[in-house]
Each structure stands twice: as C-alpha cells, then as structure tokens.
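In: Would you be able to build a 3D model of this:
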Amino acid sequence: MDWRSANEGERLVIKAANGLTLLDFTYDGGWYSSADGGGCTLVIYDPLATGGSYVAEANWRLSAAAGGSPGASEPNFRQRS
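Out: Modelled structure (predicted):
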C-alpha cells in the first residue's frame with residue numbers, strides 16, 4: 001500500500017477496525033512546502049485534539065526529523081494559544 005499523498009490537498013479518513021470513523025478531514029497541500037517531497041512530514045500539535053482541529057494549518061508543524069518518525073514517538077507539542 002502506498003501511503004504517500006498527492007501533496008495537493010486531500011481528504012483523509014481514518015477508521016477503526018470496526019468501521020467507526022476516527023478522523024475525517026481535508027488538509028491543504030500548500031501548508032508547509034518543506035513537507036513536500038523527501039523532507040519533513042506534517043505532525044499535529046495535539047494528537048488528542050478533536051477532528052475539527054485537523055483542518056487548520058496553525059494546528060500542524062513540521063516533524064523533528066526528515067522523513068518523520070514512523071514507528072517511534074514524535075515530540076508532542078501542544079498548540080500555542
């Protein structure tokens with residue numbers, strides 16, 4: 001399975017094994033140009049935020065390392081108020 005995005009703004013739906021939708025949001029591929037390609041990935045500031053928080057650029061940041069942190073913890077930063 002290819003998990004890469006088209007980097008042009010897409011709808012992302014994440015479901016539990018029982019079919020319950022956990023997240024359903026659309027992001028804008030132009031939020032952070034550094035996340036386009038082989039560099040950093042996008043990381044939500046607050047992974048416990050409600051789904052509505054995921055649609056705003058201000059709620060995202062670049063990953064700490066190029067390529068993100070698949071299989072490992074990413075430093076957890078709370079959104080600045």
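
In: Kindly state the pLDDT recorded for the residue located most distally from the centre of the chain?
Out: Here the chain reaches farthest from its C-alpha mean at residue 18, the gap being 22.4 Å by C-alpha atoms, centre = their mean. Residue 18 carries a pLDDT value of 96.

In: was I right about residue 62 contacting residue 42?
Out: Yes - using C-beta atoms under 8 Å, residue 62 makes contact with residue 42 at a distance of 7.0 Å. C-beta: built from backbone N, CA, C; applies to glycine.

In: Next, show the common contact partners of these two.
Out: Overlap between the contact sets of residue 62 and residue 42, as judged by C-beta atoms under 8 Å, 6 or more residues apart in numbering, is given by 32, 35.

In: ok, those two, which is more surrounded?
Out: Set side by side, residue 62 and residue 42 give different neighbour counts by other C-beta atoms under 10 Å, the larger being at residue 42 (19 against 16).

In: what sits against that one?
Out: Contacts of residue 42 by C-beta under 8 Å, 6+ apart are 27, 31, 32, 35, 60, 61, 62, 63.

In: Give me the distance between it and residue 18.
Out: In this structure, residue 42 and residue 18 are 27 Å apart, going by C-beta to C-beta, to the nearest Å.

In: likewise residue 74?
Out: 26 Å.

In: Could you do residue 50 as well?
Out: As defined by C-beta to C-beta, residue 50 lies at a distance of 20 Å from residue 18.

In: A helix includes residue 58, no?
Out: Yes - using DSSP: H, G, I helix; E, B strand; the rest coil, the assignment for residue 58 is a helix.

In: now this structure, which segments are flagged as low pLDDT?
Out: Counting by pLDDT under 70, the chain has low-confidence residues at 1-9, 29, 38, 51, 75-81.

In: buried residues in stretch 48-59?
Out: By 16 or more other C-beta atoms under 10 Å, the buried positions in stretch 48-59 come out as 53, 54.
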